[in-house]
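**Q** With the input below, show me the fold.
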Amino acid sequence: MSRNRIIFYLIFLAFHVAAFIFTLYIQDFSFLTRIFDHIKSFKFITFFGLMLMVADIIWTWVGDRDGRKENAALKHELNTLKAKLFDMQELSRQQEASKNTPKIK
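**A** Okay, the predicted model is just below:
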């Protein structure tokens, strides 16, 4: 896993830990009535969490797509090398066959 991906997941983990601690902090109904003053902040915080999730989905999709492209390129290179090896073997067989055939004078 790349360094950038690890940093991203650490931020994602910190977000979830903070959300968990927040839910543990809510113990009484009076606190819930006071948080209505901060509802705008909560919207931005949850939007940040959604953007983290979308970023992870896009990042994973791009990584998978790049991996498939690289895999296809490697398969193509392998097939090309196999074809060249086959051609070289056929050429050597033809040369050996021409050496072994008796020449009529």
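**Q** For the protein, give the helix that spans the most residues.
**A** helix 39-100 (DSSP state H).
**Q** Give me the mean pLDDT for that one.
**A** The average pLDDT within helix 39-100 is 89.
**Q** Can you name every helix or strand that that helix contacts?
**A** helix 3-25 (3 or more C-beta pairs under 8 Å, 6 or more residues apart in numbering; DSSP states H and E). Heads up, the C-betas are built off the backbone N, CA and C, glycines and all.
**Q** Quick check: buried residues in the helix it packs on?
**A** Neighbour-count burial for helix 3-25, counted by 16 or more other C-beta atoms under 10 Å, picks out 8, 15.
**Q** Can you spell out which helices and strands pack onto that helix?
**A** Helix 3-25 packs on helix 39-100, going by 3+ C-beta pairs under 8 Å, 6+ apart.
**Q** and if we set it to 6 Å?
**A** Packed against helix 3-25 by the contact rule (3 or more C-beta pairs under 6 Å, 6 or more residues apart in numbering; DSSP states H and E) you find no helix or strand.
**Q** okay, that helix in CSV with CA atoms only?
**A** Provided in CSV are the C-alpha atoms of helix 3-25 (Å, rounded to 0.1, in the frame of the first residue of the first chain):
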residue,chain,number,x,y,z
ARG,A,3,2.3,6.1,1.6
ASN,A,4,-0.5,8.4,0.4
ARG,A,5,-3.1,5.6,0.8
ILE,A,6,-1.9,4.9,4.4
ILE,A,7,-2.2,8.6,5.2
PHE,A,8,-5.7,8.7,3.7
TYR,A,9,-6.8,5.7,5.8
LEU,A,10,-5.4,7.2,8.9
ILE,A,11,-7.5,10.4,8.3
PHE,A,12,-10.5,8.1,7.6
LEU,A,13,-9.8,6.2,10.9
ALA,A,14,-9.5,9.5,12.9
PHE,A,15,-12.8,10.6,11.4
HIS,A,16,-14.6,7.4,12.5
VAL,A,17,-12.9,7.4,16.0
ALA,A,18,-14.1,11.0,16.5
ALA,A,19,-17.6,10.1,15.4
PHE,A,20,-17.6,7.2,17.8
ILE,A,21,-16.3,9.3,20.7
PHE,A,22,-19.0,11.9,19.9
THR,A,23,-21.7,9.2,20.1
LEU,A,24,-20.3,8.1,23.5
TYR,A,25,-20.3,11.7,24.7
